[in-house]
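Visitor: Sequence plus the predicted model coming up.
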Amino acid sequence: MNNKVYNNRAWLLVLPMLVLVAFSAIIPLMTVVNYSVQDVLGPNASFFTGTEWFRTMLNDSALQAAFGRQIMFSLIILAIQIPLGIGIALIMPKQGWQASAVLILITLPLLIPWNVVGSIWQIFTRGDIGLMGWGLRELGINYNITRNAGDAWATIILMDVWHWTPLVAMLCYSGLRSIPEAYYQAARIDRASKWAVFRYIQLPKLTNVLVIAVLLRFMHSFMIYAEPFVLTGGGPGSSTTFLTQSLATMAIGQQDLGPSAAFSIIYFLVILLVSWVFYTTIMHLQKDKNSQGGV
Amino acid sequence: MSWMVWTLPTAIFFSSIAAMLAGMTIWELRSPSIERKGFLPISTTRGDRLFIGLMSAAFIHLGFIGFTSLSIWIALALSAVWLLVLMRWG
């Protein structure tokens, strides 16, 4: 029995932050909801449209296609970056100057702004002056991201892997470093194989950082904008047009506030749902494991 | 506030959300929620169930609006029933 006095008044200290969040996130979000049921033509000209924009957006075939591409992109990105990140973290040096050197080298892509990454790859893949584009052409490979959708996709995925795998690797690296040496000693006594050490010690201990890595990578890849926009502009055709780009075209290019608000809400709900399902699943798997007395 | 072109339906929507949150707070203060397991595959607290209920309500509405020509009030009624079921037995 503890005799601690519970005083929830400490929550009042959160109040300033709440006010800040209200103005930076909650009220703007409410505005979006408000716009989604209206046709806003100007400061004093708006008409109530009810659910019409939602119906239009949900049945828009271009948006449905962009949605499919977006999901495919996120799945491919996760399938490549998570295993690759774990692999890199496992072979990274554990101490000494090599560890620092590798860490700095590996972090470099993360320091480059998104649209700069897009520009770098745009130049890199050009057939006339880009190293990769020119090299592939000299090798006799017909590579052209402005004409061939497959090439454009491969390049965007390669670019994202180059840009963001380091994040996964760094998270996994920090997770690996926090495993006490005693676990490895016990494994050595048992003459556990490298695979067994990975499967039963390292991977379970990495669960928490992997949850963060997958969530971050999913959310970001599902909202990717600047990199493909700069690299391919959504082309060829609309083969690499993702949801954010459709949204930006609608909201900023065409000033269609109502439809883009409705679309934003649907987009937001999907991200919320996926993130929530993912987070809850992992957290409950862990809880079940703990309640069974496991690691 | 007229420049923000608020409409009555949006106002009602957000007032009900705010009322729900306030109500949940009071309920929690009166009798703190205990995490339990109902028909959902995970154990949940009262707040979890409200969140699940509201999120499924959003998707129920979207499904009705986008892919059927049924009235949105049916979606609302369905969501309300589902929310109650979820709160009680979820």
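Guide: Cool, the structure landed.

Visitor: For chain B, give me its nearest residue in the stretch 151-295 of chain A.
Guide: Nearest residue of the stretch 151-295 of chain A to chain B: A:His284, at 5.0 Å (CB to the nearest CB). For the C-beta atoms, the positions are set from N, CA and C on the backbone; glycine is no exception.

Visitor: was I right about that residue contacting B:Ile42?
Guide: Yes: if you go by CB atoms under 8 Å, A:His284 and B:Ile42 touch, sitting 5.0 Å apart.

Visitor: what's the average pLDDT for the helix or strand encompassing B:Val81?
Guide: Using DSSP states H and E, B:Val81 falls within helix B:72-89. Helix B:72-89 carries an average pLDDT of 91.

Visitor: Can you name the residue of chain B nearest to chain A?
Guide: The minimum distance from chain B to chain A, using CB to the nearest CB, falls at B:Gly66 (3.0 Å).

Visitor: what distance separates the helix or strand where that residue lies from the centre of its chain?
Guide: Assigned by DSSP H and E, B:Gly66 belongs to helix B:46-67. Between the centre of helix B:46-67 and the centre of its chain there are 7 Å (CA atoms, centre = their mean, to the nearest Å).

Visitor: that older thread, how deep is the residue of the stretch 151-295 of chain A closest to chain B tucked in, by neighbour count?
Guide: Per other CB atoms under 10 Å in any protein chain shown, the neighbour tally for A:His284 reads 14.

Visitor: which residues does it contact?
Guide: B:42-43 (CB atoms under 8 Å, 6 or more residues apart in numbering or on different chains).

Visitor: How about the most centrally placed residue in chain B: what's its closest non-neighbour residue?
Guide: Geometric centre of chain B, nearest residue: B:Leu54, 3.1 Å, by CA atoms, centre = their mean. Of all residues not flanking B:Leu54 in the chain, B:Leu83 sits nearest, at 7.4 Å (CB to CB, 6 or more residues apart in numbering or on different chains).

Visitor: Is it correct that that neighbour is in contact with B:Phe51?
Guide: No: using CB under 8 Å, B:Leu83 is not in contact with B:Phe51; the gap is 10.7 Å.

Visitor: neighbour count winner among these two?
Guide: More crowded of B:Leu83 and B:Phe51, by other CB under 10 Å: B:Leu83, with 19 against 15.

Visitor: Give the full set of residues in contact with that one.
Guide: Counted by CB under 8 Å, 6+ apart, B:Leu83 has contacts B:50, B:53-54, B:57.

Visitor: Number of residues surrounding residue 4?
Guide: Reading this off chain A. Neighbour count for A:Lys4, taken as other CB under 10 Å: 5.

Visitor: actually chain B
Guide: Burial of B:Met4 is recorded as 11 neighbouring residues (other CB under 10 Å).

Visitor: hang on, the earlier thing: show me what counts as buried in the helix or strand hosting the residue of the stretch 151-295 of chain A closest to chain B.
Guide: In the assignment (DSSP H and E), A:His284 maps to helix A:257-291. Within helix A:257-291, the residues that count as buried by 16 or more other CB atoms under 10 Å in any protein chain shown are A:257-267, A:270, A:274, A:282, A:286.

Visitor: could you pick out which of those are near chain B?
Guide: Counting by CB under 8 Å from any CB of the partner chain, the subset of the buried residues of helix A:257-291 that neighbours chain B consists of A:Ile266.

Visitor: I'd like to know how far the residue in the stretch 51-200 of chain A positioned nearest to chain B sits from B:Thr68.
Guide: As assessed by CB to the nearest CB, chain B sits closest to A:Leu58 within the stretch 51-200 of chain A, at 3.0 Å. For A:Leu58, the distance to B:Thr68 (CB to CB, to the nearest Å) stands at 11 Å.

Visitor: Look at those two and report which has more neighbours.
Guide: More crowded of A:Leu58 and B:Thr68, by other CB under 10 Å: A:Leu58, with 18 against 11.

Visitor: Hmm, the more buried one is touching B:Gly66, no?
Guide: Yes: if you go by CB under 8 Å, A:Leu58 and B:Gly66 touch, sitting 3.0 Å apart.

Visitor: ends of stretch A:121-133, how far apart?
Guide: Its first and final residues considered, stretch A:121-133 spans 10 Å by CA to CA, to the nearest Å.

Visitor: Revised request: answer the last question for stretch A:190-201.
Guide: 13 Å.

Visitor: So what's the gap between it and the chain middle?
Guide: On the basis of CA atoms, centre = their mean, stretch A:190-201 sits 31 Å off its chain's mean C-alpha point.

Visitor: Buried ones in that stretch, by neighbour count?
Guide: Buried residues in stretch A:190-201, counted by 16+ other CB under 10 Å: A:192, A:197, A:201.

Visitor: Repeat that for stretch A:134-153.
Guide: Those would be A:134, A:136-137, A:143-145, A:151-153, for stretch A:134-153 by 16+ other CB under 10 Å.

Visitor: Return it as PDB; C-alpha atoms alone will do.
Guide: What follows is stretch A:134-153, C-alpha atoms only, in PDB (Å, rounded to 0.1, in the frame of the first residue of the first chain):
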ATOM      1  CA  TRP A 134      25.200   8.600 -68.400                       C
ATOM      2  CA  GLY A 135      26.900   5.500 -67.000                       C
ATOM      3  CA  LEU A 136      23.800   3.300 -67.600                       C
ATOM      4  CA  ARG A 137      23.400   4.600 -71.100                       C
ATOM      5  CA  GLU A 138      27.000   3.900 -71.900                       C
ATOM      6  CA  LEU A 139      26.500   0.300 -70.600                       C
ATOM      7  CA  GLY A 140      23.800   0.000 -73.200                       C
ATOM      8  CA  ILE A 141      20.800   0.200 -70.800                       C
ATOM      9  CA  ASN A 142      17.900   2.200 -72.000                       C
ATOM     10  CA  TYR A 143      17.400   4.300 -68.900                       C
ATOM     11  CA  ASN A 144      15.200   7.400 -68.900                       C
ATOM     12  CA  ILE A 145      13.200   8.500 -65.900                       C
ATOM     13  CA  THR A 146      11.200  11.100 -67.900                       C
ATOM     14  CA  ARG A 147       9.900   8.500 -70.400                       C
ATOM     15  CA  ASN A 148       9.900   5.100 -68.700                       C
ATOM     16  CA  ALA A 149       7.600   4.700 -65.600                       C
ATOM     17  CA  GLY A 150       9.600   1.700 -64.400                       C
ATOM     18  CA  ASP A 151      12.800   3.700 -64.400                       C
ATOM     19  CA  ALA A 152      11.100   6.500 -62.600                       C
ATOM     20  CA  TRP A 153       9.800   4.200 -59.900                       C
END
